[in-house]
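Participant: below is the sequence, then the predicted model.
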Amino acid sequence: MDRLKTIFEDVFERPDLEIENLTRSNCPEWDSLAHVKLMIAIEEEFNSKFTIEQVSNIKSVEELRTILNLGPVADPR
Amino acid sequence: MTPGMHRLELSNSPPTRQDFAGILDAFLRDPVTDLDAVISIYERSAELIETTDWQEAAHKLKRNEAISARWLASALFEAGSDFSAASEVLNSFSCVPARSLEAFRLIALSRSVAKLGNISGAVVLLRRAIRLSDSSRLLRACKKVLTLLKRSAAIDYARSARVAILGNATFDFFIPVLETVAFGSGIHLLLFGGAYDQHVQEVLSKNSSLHAFDPQIIIIATDWRSLALPEESENPREAINERIKQITGIWDGIATQFRCHVIQHNFVIPEATAYGGLSSAIPGGRASIIRALNSELLQAAQSRPEISILDVEQISSIIGKQTWDDDRLWIAAKQYPSAEAAGFLAKHQVALIRAILGMTSKCLVLDLDNVIWGGIIGEDGLDGIRLGGSPEGEAFVAFQRYLKALRGRGILLAVCSKNNEADAKAPFEKHPEMVLRLQDISAFIANWAPKSDNLKVISRQLNIGSDSLVFIDDNPVEREEVRKAMPDVEVPELPTDPALYQQALYRELLFETVSLTSEDKKRAQSYQDDLNRRGLRESSESLQEFLAGLQMRIELKPFDAPNLPRIVQLLNKTNQFNLTTCRLTSEEVIAFVESPGNYTQFMNLRDRFGESGITGILMASSHEEALNIDVWLMSCRVLGRQAEHAMLAAVWRFARHAGYRSLRGVYQPTAKNQQVADLYDRMGFQLVSSGDDGRRHYQLALDSDPDFPEVAEICDLTSGAVQGELATCLPNLEE
């Protein structure tokens, strides 16, 4: 299980959400309210702080992973 | 963090069989674990069970002494859907006094217990978890389980309330936190979040969705930014007046359009200021202005019983202003306080809501050994116990002072100790450092029976419900025994260090009240009077002789403004002698008084042992030829004194003079008012009808003269007085 995936599932209340290619433009649920919820949850989970510039510019899971320095997630078999 | 945990944290690929062996090994070796580590094994346990043959390992881990091993076992069992094994493991240890870990254990246990179908058991566990959750991360985990529980069954709440939160912020993030924290106190909150900075319009516009929501409580959660104060104001007086006027203007708007209680946040002095220390030092500095504003806000609220000021400036100071504010969240999302402080603010709001709903705890039941003194009196003796004289002894003295102050404001103290009674009482009678004395203790039980049995006796002796008791014990086993046997009793965790008892008890926020009435301050004394009365009762041969010996004097008056807070308090917390259990806000009471034809009465009872204060309330409304008794209640402190006859006689006289043909009464059964089920029958009323829900309607014709026993000297100001307005002052009844 992937911690980022868990957060997205919780915020969108959608178990088994596929997040890899998710962006703010291809996911209608990812509105500004959900965005802030995601940011808060991710900060707590990864014990890190986004800058205000990152908060406004993050537009996809891919960017998030880069910022969190996670690298790409391995292919789930 | 353990080496095994590091591997679990950092590896992005699914763990291999070899990783797993390493993790198991680390868990078996290392007994230490922290919340991050535990959360991370729960999150990755699904992967672990996919990659390995986990069952054998889990069964081996659960028998290990190390708590970390059992955490892993329970995570594996849960991921493998063996919920009964998971709850068995989680029940086999406790993380007290580590609050966060204990909260997480209870969350995990609640989840498994719910999956096993025991929703009410899961609810009790989740409530405890919420009370222990100090971080927003834990509260989010609680919220997730709450959502699960709500989906699976209708939950039994102690109380529910419609609460609107308005202000110059976005509340979408805060509302789930508030809802979760309230659930921890057994309150079902239906919440309305105001739109950003629209609170004035929402209050004043008659068509707003706030009106449709019909709130019982409005929280005005405006913060300092809404004041639009410059760093320095040229005319400080004007700046303050103008803002007080704005705020009281909103209160007026609420008072004319809603019948509800208002929680007004006061204003936090922000950390960052261009003026530095000068901001507080010069009269026009922003910090000076906010400080003055906060104090004037309190004064403005003094004459308005429907307004409670929440001291958010103090609350933010307790958690620390550097944690309180998150400027990024404010700029990006118009949200305050910070995510980390949200749960803390919610706890204080819920404590006040609990008080407004009349749920404030009334009695603190104390264990003795290692709670109010160090050591064991039965073994160490009077000279051996630690009380004063050493740092540890001083800690117990300080705690006793705190308890004494609680008693001074009307919280009853009781003792429930496993000791011989003579041993237990000796320090109270003889130890020079004792702050608490026997007369401070309203019920004293020292024996070897289970504590839960003794708590039932205390609840009966003091005539208060078990949901009003708070039980303090240093022994986790005793706490658990009481929790199991009496889930209604509040049982806070206690730290191991006695120096921390006082703050631990305070942080539970169980004794918050909306106002402090003079009855509150006298309450502890009046329970003492009760004990003396009981002494008389035992020496009197008949009930009538006992009552005559009390030399009671009963005063009956229509509702008046000075006594309104106490009247509202009684309306909202009286459970036993309460015919209709009608809960009313002060606004609703005023509306009732002002409605033409309505009759109100409160009773004040005095006897030779002391004054009971306002202990009876009766409200009746006019319905053509009949006067309907809508509310009739008496405080448990005056039950068995036949004062009900005096109350009924007064309303009877009024009804007769006013030309009514009959008096009508209703009994509406609840879980707690069984004792008045046949009151109207006993009073000579005729049963008219009874409903399926147990509701019974009664009538008493006014053409005959009922025989009211004379039990006291009666002073009745209700029958002749002008009803229909709230008297601001009354003729002095003292001789």
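Facilitator: Right, received. Where do you want to start? Note that this is a predicted model, so its numbers are computed, not measured.

Participant: is any residue of the biggest helix by length in chain A near chain B?
Facilitator: Longest helix in chain A, counting residues (DSSP state H): helix A:32-46. Yes: applying CB under 8 Å from any CB of the partner chain, one finds helix A:32-46 touching chain B at A:32-33, A:36-37, A:39-41, A:43-45. C-beta coordinates here come from the backbone N, C-alpha and C atoms, glycine included.

Participant: and that helix, average pLDDT?
Facilitator: For helix A:32-46, the mean pLDDT works out to 87.

Participant: what residues does it touch?
Facilitator: A:3-4, A:7-8, A:10-12, A:24, A:30, A:48-50, A:55, A:58, A:64, A:68, B:135-137, B:140, B:172-173, B:329, B:332-333, B:335, B:339 (CB atoms under 8 Å, 6 or more residues apart in numbering or on different chains).

Participant: helix or strand for the residue of the stretch 101-250 of chain B at minimum distance from chain A, which one?
Facilitator: Residue nearest to chain A within the stretch 101-250 of chain B (CB to the nearest CB): residue B:137, separated by 4.7 Å. Using DSSP states H and E, residue B:137 sits within helix B:136-152.

Participant: may I have stretch B:107-119 as PDB, with CA atoms only?
Facilitator: Listed next in PDB are the C-alpha coordinates belonging to stretch B:107-119 (Å, rounded to 0.1, in the frame of the first residue of the first chain):
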ATOM      1  CA  ILE B 107      -8.900   3.300  16.900                       C
ATOM      2  CA  ALA B 108      -7.600   0.000  15.600                       C
ATOM      3  CA  LEU B 109      -9.700  -1.900  18.200                       C
ATOM      4  CA  SER B 110     -12.800   0.000  17.400                       C
ATOM      5  CA  ARG B 111     -12.400  -0.800  13.700                       C
ATOM      6  CA  SER B 112     -12.000  -4.600  14.300                       C
ATOM      7  CA  VAL B 113     -14.900  -4.600  16.900                       C
ATOM      8  CA  ALA B 114     -17.100  -2.900  14.300                       C
ATOM      9  CA  LYS B 115     -16.200  -5.400  11.600                       C
ATOM     10  CA  LEU B 116     -17.200  -8.100  14.000                       C
ATOM     11  CA  GLY B 117     -20.700  -6.500  14.200                       C
ATOM     12  CA  ASN B 118     -20.500  -5.000  17.700                       C
ATOM     13  CA  ILE B 119     -21.300  -1.300  16.800                       C
END
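
Participant: contacts for that stretch, please.
Facilitator: Contacts for stretch B:107-119 (CB under 8 Å, 6+ apart): B:42, B:74-75, B:78, B:81, B:83-84, B:86-87, B:90-91, B:121-123, B:125-126, B:129, B:138, B:141-142, B:145, B:148-149, B:152-153, B:155.

Participant: how far out from the middle of the chain is that stretch?
Facilitator: Put simply, stretch B:107-119 sits 26 Å off its chain's centre (CA atoms, centre = their mean, to the nearest Å).

Participant: buried ones among the contacts of stretch B:107-119?
Facilitator: B:42, B:74-75, B:78, B:83, B:86-87, B:90, B:121-123, B:125-126, B:129, B:138, B:141-142, B:145, B:148-149, B:155 (16 or more other CB atoms under 10 Å in any protein chain shown).

Participant: go through those residues and flag which are in helices.
Facilitator: B:42, B:74-75, B:78, B:83, B:86-87, B:90, B:121-123, B:125-126, B:129, B:138, B:141-142, B:145, B:148-149.

Participant: what's in contact with stretch B:687-694?
Facilitator: B:664, B:668-669, B:680-681, B:696-699.

Participant: where does the chain dip in pLDDT?
Facilitator: All of this refers to chain A. For chain A, residues meeting the criterion pLDDT under 70 lie at A:1, A:70-77.

Participant: that's the wrong chain, I meant chain B
Facilitator: B:1-20, B:27-33, B:517-519, B:521, B:523-528, B:530-546, B:609, B:637, B:719-735.

Participant: skipping adjacent residues, who's closest to the closest residue to chain A within the stretch 351-500 of chain B in space?
Facilitator: When you check the stretch 351-500 of chain B against chain A by CB to the nearest CB, the closest residue turns out to be residue B:493, at 23.7 Å. Spatial nearest neighbour of residue B:493, excluding adjacent residues (CB to CB, 6 or more residues apart in numbering or on different chains): residue B:96 at 5.5 Å.

Participant: list phi and psi for that neighbour.
Facilitator: Main-chain dihedrals, residue B:96, degrees, to the nearest 10: phi -60, psi 140.

Participant: those helices in the stretch 401-550 of chain B, which residues are they?
Facilitator: B:421-430, B:451-461, B:476-485, B:501-507, B:518-539, B:543-550 (DSSP state H, counting those that start in this stretch).

Participant: can you list contacts of the first one?
Facilitator: Counting contacts by CB under 8 Å, 6+ apart, the residues outside helix B:421-430 that touch it are B:368, B:373, B:377-378, B:382, B:385, B:387, B:415, B:417, B:434, B:436-438, B:441, B:444, B:446-447.

Participant: in that helix, what's buried?
Facilitator: Buried, per 16+ other CB under 10 Å, within helix B:421-430: B:423-428.

Participant: cool, and the shortest one?
Facilitator: By neighbour count, with 16+ other CB under 10 Å as the criterion, the buried positions of helix B:501-507 are B:501-502, B:504-505.

Participant: and which of those residues is nearest residue B:486?
Facilitator: Closest to residue B:486 out of the buried residues of helix B:501-507 is residue B:505 (18.9 Å), distances taken as CB to CB.

Participant: ok, now which ones touch the closest one?
Facilitator: B:402, B:472, B:492.

Participant: show me the contacts for the spatially closest residue to the last one that is not a sequence neighbour.
Facilitator: Meaning residue B:492. Computed as CB to CB, 6+ apart, the closest residue to residue B:492 that is not its neighbour in sequence is residue B:508, at 4.7 Å. If a contact means CB under 8 Å, 6+ apart, then residue B:508 has B:131, B:470, B:490, B:492 as its contacts.

Participant: tell me the strands beside the longest strand that chain B contains, with direction?
Facilitator: Looking only at chain B and at elements set by DSSP state E, the strand with the highest residue count is strand B:610-623. Strand pairing for strand B:610-623, using DSSP bridges, gives strand B:599-607 (antiparallel), strand B:626-634 (antiparallel).

Participant: residue B:447 and residue B:415, how far apart?
Facilitator: 11 Å (CB to CB, to the nearest Å).

Participant: more neighbours, these two?
Facilitator: Using other CB atoms under 10 Å in any protein chain shown as the criterion, residue B:447 and residue B:415 rank with residue B:415 on top: 25 against 15.

Participant: could I get the contacting residues of the closest residue to that one other than its chain neighbours?
Facilitator: Spatial nearest neighbour of residue B:415, excluding adjacent residues (CB to CB, 6+ apart): residue B:444 at 4.7 Å. Neighbour list for residue B:444: B:414-415, B:421, B:424-425, B:438 [criterion: CB under 8 Å, 6+ apart].

Participant: isn't residue B:146 right up against residue B:127?
Facilitator: No: the criterion here is CB atoms under 8 Å, and residue B:146 misses it with residue B:127 at 9.8 Å.

Participant: what about the two, which has more around it?
Facilitator: For residue B:146 versus residue B:127, the count of surrounding residues by other CB under 10 Å is larger for residue B:146: 24 against 19.

Participant: re the thing from before, give the residues shared as contacts by residue B:146 and residue B:127.
Facilitator: Residues touching both residue B:146 and residue B:127 (CB under 8 Å, 6+ apart): residue B:183.
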